[in-house]
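Peer 1: Based on what follows, work out the 3D shape:
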Amino acid sequence: MYQFSGKLKMFALGLIVVGFIGTVISFMSAPQSLEEAKEIMAAQAASHHGHGEAHGSHDTHEAEGTHKTDHKKADSHSEEKVSEHIEHMAGDHAKETVADHDKHGGEPIVNETKEEHAEHVKDSTHAKETVVDHAKHMAGEHANETVKEYNDHEAANHAEDTRLTDSLNGHVTEKAHLAHKTDDADHNAGGHHDDHHAEHVFHQMQNRPWSALYVSLLFFLGVTLLVFAFYAAQRVAQAGWSIVLFRVMEAITANLHYVSVAMLIFIILTAMHKAHLFPWMAEGVFDPQHENYDPIVDGKKWWMNLPGWTIRSIIYLTIWNVFRFIIRKKSLQQDNGDLKLHKNIYNISVGFIFLFMITESMMSWDWIMGIDPHWFSTLFGWYVLATFLVCALTVICLVTLYLRAKGQLPFVNDSHIHDLVKFMFGFSVFWTYLWFAQFMLIWYADMPEETTYFLQRFNEYKVPFIGMVVMNFLFPVLLLINSDFKTIPWIICIAGVFILVGHYVDLFVMIMPGTVGGQWGFGLGEISGFLLFLGVFIFATFNAFAKANPLPKGNPFLHESETHHYYIIEHRGEDNDHH
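Peer 2: A predicted model of the protein is given here:
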């Protein structure tokens, strides 16, 4: 029997404590007021402004310490608009003059003397000069007003980001051409727009610790669930090679109970509007009289409604945990050799696989795709399934390698590891196929309601979006395509790390754009959330493994699994004649 060592247990508990403290700090560090959020935005803008100057960027007018540069750019901007205004007004007059001249075929008016014609031309020239002077005067006044308003605005608002500043400058320039609006009304409108944006960013900043915790929670929940699904699939297929791995898979699925409790707490807090990760749960989204009314989401209210979402979420967790509890209990009882239990577990596993395929797809719609309620993909459930399945196979392999190195799995040989790694390789390619199929079809169709999903990820998440494709496809293929490499532990571990990190980033890119927008990062909240659930996973897995015999002795296919051997594989450190 395996003994859960004190060092490993303390390590797991240490991860939980550190992760919990870091998560609490990340929540406390989130801005608590709009003014605090504006200060953070100003600091971000100042940093972005300095970066832009270093690269010759046009991102200016951001930091308090750069007022002098801002004044110069505002003056230059105003001068350009003066020139454009002059050309516009003078050009219009010139067109009128040409039109009048064309009416008379380019000839002097009949009965008009040469002296009168010369006087007429002189008057026209004088009129044109007057128009130009008038245009200079008006445009100059507007330019002064533009600079003055810009200075007033900067003094009152240091929290603008680059995009808003550009938008405001464009608005002020337009005002120089549209003189019928008063200065005060225009300034108030700009201030209202800035406050609305600042409030939106404020909510995104408050969402970040929730989102960081949610990504890690969903990652470990999904991985654990797919380990259980793979285990049930082995039961249904009556596979012979994987029996010696059953106790490892059963131990990993013990984590399902822990993360389900955490997910249930999150569901309750979300239903109480303590967390605001789902835009369709906002006030007034379904009310046509409310300013937040969204007709697209309102058309989906038969599915997107808070009572239905909450009830379905609880049903998912209940089904998964009940099946895991029953199968684990009967698997331990089967050690006495009762074949009726073997048949019973087979039937229960069939029922679980059926319900799993339904609930997993619905879960992906409710918990992930619902974050972007305007967008949908009929392939999304399979895509999420592939993401979690690759990670599940990787986790099974890594835990198996660790326990085998500790001498706890004497009947696990290189052929078992080879089979696991083949699954890792194969489903990495499968995930890539699904990713490309979804992306290529949306890109080719070029429908705005679909492309907006990838557009935001290209604009604001380009590095993690492209990076996770490399980590999830390129590295696994290069490292694991060679058959010999599939049995070398250190190569498998390197490939496994790339796969797990890559698919964590994949889930990160699924969730973060719809919850925090551009306010994302890999900071204290993200690291702490991952460490917290990693500690829970280690504790749950090895604590459960220590409570059962490493071999399911009552399984009728156990001997086949113990002697499983590919003769083209050299079993390192083993007696090959035995196999």
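
Peer 1: For this protein, give me the ranges with low pLDDT.
Peer 2: Along the chain, segments meeting pLDDT under 70 span 48-195, 567-579.

Peer 1: contacting residues around the residue most central in space within it?
Peer 2: Nearest to the mean C-alpha position of the chain, by CA atoms, centre = their mean, lies Val509 at 2.5 Å. The contact partners of Val509, taken as CB atoms under 8 Å, 6 or more residues apart in numbering, are Arg457, Tyr461, Pro464, Phe465, Met468. All C-beta atoms are positioned from the backbone trio N, CA, C, and that covers glycine.

Peer 1: The fourth one: what's it in contact with?
Peer 2: Right, the one you point to is Phe465. Contacts of Phe465 by CB under 8 Å, 6+ apart are Arg457, Phe458, Val509.

Peer 1: Redo those as TSV? Include distance to Phe246 and secondary structure.
Peer 2: As requested, the contacts of Phe465 are exported to TSV (distance: CB to CB, whole Å; DSSP: H, G, I helix; E, B strand; the rest coil):
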residue	distance to Phe246	secondary structure
Arg457	39	helix
Phe458	43	helix
Val509	34	helix
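
Peer 1: Tell me the buried residues in stretch 341-353?
Peer 2: Going by neighbour count (16 or more other CB atoms under 10 Å), the buried part of stretch 341-353 is Leu341, His342, Asn344, Ile345, Ile348, Ser349, Phe352.

Peer 1: Looking at this protein, which helix is longest?
Peer 2: Longest helix in the chain, counting residues (DSSP state H): helix 183-237.

Peer 1: what's the offset of that one from the middle of its chain?
Peer 2: Using CA atoms, centre = their mean, to the nearest Å, the mean C-alpha position of helix 183-237 is found 7 Å from that of the whole chain.

Peer 1: Kindly report the same for stretch 253-264.
Peer 2: On the basis of CA atoms, centre = their mean, stretch 253-264 sits 23 Å off its chain's mean C-alpha point.

Peer 1: Kindly report the same for stretch 389-397.
Peer 2: The mean C-alpha position of stretch 389-397 is separated from the chain mean by 22 Å, CA atoms, centre = their mean.

Peer 1: what's next to that stretch, contact-wise?
Peer 2: 219, 222-227, 229-230, 245, 248-249, 252, 417, 420-421, 423-424, 427-428, 431, 472, 492, 496, 499-500, 503.

Peer 1: Quick check on those residues: which are buried?
Peer 2: Buried among these (16+ other CB under 10 Å): 219, 222-227, 229-230, 245, 248-249, 252, 417, 420-421, 423-424, 427-428, 431, 472, 492, 496, 499-500, 503.

Peer 1: gap between the residue nearest to Asn336 when sequence neighbours are not counted and Asp338?
Peer 2: Take Asn336 and drop its neighbours on the chain: the residue closest to it by CB to CB, 6 or more residues apart in numbering is Gly554, 5.9 Å away. Going from Gly554 to Asp338 by CB to CB, to the nearest Å gives 7 Å.

Peer 1: which one of these two has more residues nearby?
Peer 2: Taking neighbours as other CB atoms under 10 Å, Gly554 and Asp338 compare with Gly554 leading, 18 against 13.

Peer 1: Can you tell me the element the more buried one falls in?
Peer 2: Using DSSP states H and E, Gly554 falls within no helix or strand.

Peer 1: now do Phe533
Peer 2: helix 524-545.

Peer 1: tell me the SS of Ala548?
Peer 2: coil (DSSP: H, G, I helix; E, B strand; the rest coil).

Peer 1: Was I right to think it contacts Met249?
Peer 2: No - taking contacts as CB atoms under 8 Å, Ala548 lies outside contact range of Met249: 11.7 Å.

Peer 1: Now find how far off-centre the helix holding Phe533 is within its chain.
Peer 2: Distance, centroid of helix 524-545 to centroid of chain: 21 Å (CA atoms, centre = their mean).

Peer 1: Compute the distance between Lys406 and Leu269, please.
Peer 2: 39 Å.

Peer 1: Format the contacts of Val509 as JSON lines; extra columns: distance to Asp446 and secondary structure.
Peer 2: As requested, these are exported to JSON lines (distance: CB to CB, whole Å; three-state DSSP):
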{"residue": "Arg457", "distance to Asp446": "16", "secondary structure": "helix"}
{"residue": "Tyr461", "distance to Asp446": "20", "secondary structure": "coil"}
{"residue": "Pro464", "distance to Asp446": "24", "secondary structure": "helix"}
{"residue": "Phe465", "distance to Asp446": "19", "secondary structure": "helix"}
{"residue": "Met468", "distance to Asp446": "23", "secondary structure": "helix"}
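
Peer 1: So which of those is the closest to Ser528?
Peer 2: Nearest to Ser528 among these is Pro464, at 18.6 Å by CB to CB.

Peer 1: That closest one - nearest residue in space that isn't next to it in sequence?
Peer 2: Val505 is the one closest to Pro464 (CB to CB, 6+ apart), at 5.0 Å.

Peer 1: tally of neighbours for the one you found?
Peer 2: 22.

Peer 1: what's the answer for Met440, then?
Peer 2: For Met440, using other CB under 10 Å, the count is 10.

Peer 1: My guess is Val505 contacts Met468. True?
Peer 2: Yes - here Val505 reaches Met468: they are 4.1 Å apart, a contact under CB under 8 Å.

Peer 1: Ile368 against Ile511, yeah?
Peer 2: Yes - between Ile368 and Ile511 a contact is recorded at 6.6 Å, counting by CB under 8 Å.

Peer 1: Common neighbours of the two, please.
Peer 2: By CB under 8 Å, 6+ apart, the residues touching both Ile368 and Ile511 are Leu218.
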